[in-house]
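Colleague: Structure, please.
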Amino acid sequence: MSTKSYRGRSVRRWGGLLLLLPLLSACSQGTPTNQGVDARIDPPPSAIEQAMIGEASAATFSAAGEVVTVYLLDRNGYLAPMSLRLDDQSPSNQSSAQKAIAWMTVNQQLKDQLPQGFYAVLPEGTKVSSVTENQSEETVSVDFATPFPSIKATQERKVIEALVWTLTELPGINKVKLSIAGKPIRSLPASGLPVDTVLTRGLGINLQTTKDVQPSRSMGVTLYFSSRTADGEGYFVPVTRLIDRQPDVAKAALEQLILGPQNTKSLHAVLTSDMSIEKLSQLADTVNVSLKHTNWEPKSLVPSEMMEALVLTLTEATGLPQVRVVMNGDDSFVDSDQRSYDRPVTRPAYVNSLSR
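Modeller: Predicted coordinates:
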C-alpha cells in the first residue's frame, strides 16, 4: 500500500464517539490485562534495519517540502486521507491549516496536482477570513467569508467531515470550530442537519449503518479498508460504522474489521473471516492484540496491507499511538514489506501518499 512509514504521533483522546446523533440519524449513508512484553536484549539485525529504513523513508518524504494530510473525495464518493508534499511555491505566510484548506478547495491551478481520481470537497470560490489555533484547548477555529458558495444537500455532511478530519490531522488539534462571518455554523443550510459548536472525530466519516441498529443506542467504530485507483494503486479508506453500543470499543472495531466492508465493489477486506481475536488489552500507550489465523503458517509473510489497516483501526479506536501484535502465538513475524513486528509499531506518519 501507500503508507510510507511509522513514527510517533500525538495521542488523541476524546469522549463520546457520537456527538451528532441527530445528524447521524438523519444521514443514511477492554478490560486491561497484562500480556507480558518479550524484551529482547539483542534484537534481530533485520528489525534494526527495517526501523532505520522506516525512519529514513519518513525523513525523505518530508525533507523535500512540508507535508499536509487532506481528506479528498475518491471516484467512488468516499473521503480518503491524502498526504501531500507541498512544493516551495506554497505561501510561506500561511499556516498548515490554511494550506490544507486551500488544497481542499476546488481550484483549477491545484486540480492537476492532486492524485488522479481524487477531488477537492470545498466549492470553488470558498474564502477563509481567519484560522486560529489554540494549542492549550487543542482547538482550531475556522471562519469562512461571505458569501459562502452553495453546496448540494447530499454533499454538505461530506464537507463537514472532510474539514474536521483534515484539521484534526494537525499536531495537537483534536477539536474544530466552524463559523461564517463570525457566526458559528449551527445547521447546514441545504439539508438542515444540525452541527455541534465544537466538532471532533466523533462526528465519524463515510458513515455506514448496520441492520436493526438504533442510532440512539449505538456507537461508531472507524475501520480502515483498502481501495484501488483506476491505475491499480492502493490506498486506505476510513469508514465509520454504527453498531450496537459495547463496552470495549477496540475489540468491537477489530471484530467489524474482520467482518469486512459492506460495499465490496469499491472497498476491499483487509482481514480474513478465518481470523479471530484471542486477547486484546491496553497497557500504557500500547494496544496489545493476540490474533488467531487458521490458515497462516509460521515464518510465512503477513500482508503489509492487513497490518497497516489493523494499526490504523486500533489506534483510531483507542487514541493510543502504538500497537503490539501477536499472530498465532508468534511475536516475531514479518510482513510482505519486510517490516518486523517483534516490537510495538506506531500509527503511520503518512497515509496514502499516492503519486501525483
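Colleague: what residue ranges in this structure score low on pLDDT?
Modeller: For the chain, the stretches with pLDDT under 70 are 1-65, 87-92, 355-356.
Colleague: all helices for it, in order.
Modeller: Secondary structure of the chain (DSSP state H): helices at 21-26, 45-63, 96-104, 108-111, 153-167, 249-259, 304-318.
Colleague: From the opening residue of stretch 280-288 to its closing one, how far?
Modeller: 6 Å (CA to CA, to the nearest Å).
Colleague: Return the distance of that stretch from the chain's centre.
Modeller: 19 Å (CA atoms, centre = their mean, to the nearest Å).
Colleague: Can you point out the buried residues in it?
Modeller: L280, S281, Q282, T286, V287, N288 (16 or more other CB atoms under 10 Å). From N, CA and C alone the C-beta is placed, and that goes for glycine too.
Colleague: mind checking how far I243 is from T222?
Modeller: Distance, I243 to T222, by CB to CB, to the nearest Å: 11 Å.
Colleague: who's more crowded, those two?
Modeller: Set side by side, I243 and T222 show more neighbours around T222, with 24 against 18, by other CB atoms under 10 Å.
Colleague: ok, what's across the strand from the more buried one?
Modeller: T240 (DSSP bridges).
Colleague: Touching, it and T240? I think so.
Modeller: Yes: at 4.8 Å, T222 counts as touching T240 under the criterion of CB atoms under 8 Å.
Colleague: Need the overlap of contacts for the two.
Modeller: G204, I205 (CB atoms under 8 Å, 6 or more residues apart in numbering).
Colleague: residues contacting K177?
Modeller: Counting by CB under 8 Å, 6+ apart, the residues that K177 touches are T139, V140, S141, V142, P184, T197, V198, L199.
Colleague: From the residues you listed, list just the buried residues.
Modeller: Buried among the contacts of K177 by 16+ other CB under 10 Å: T139, V140, S141, V142, L199.
Colleague: Please convert those residues to CSV, extending it with distance to R228.
Modeller: Listed next are these as CSV, based on distance: CB to CB, whole Å:
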residue, distance to R228
T139, 36
V140, 32
S141, 37
V142, 32
L199, 31
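Colleague: so who does the closest residue to A230 other than its chain neighbours touch?
Modeller: Nearest residue to A230 in three dimensions, chain neighbours excluded: G117, at 5.6 Å (CB to CB, 6 or more residues apart in numbering). Residues in contact with G117 (CB under 8 Å, 6+ apart) are D74, R75, T229, A230.
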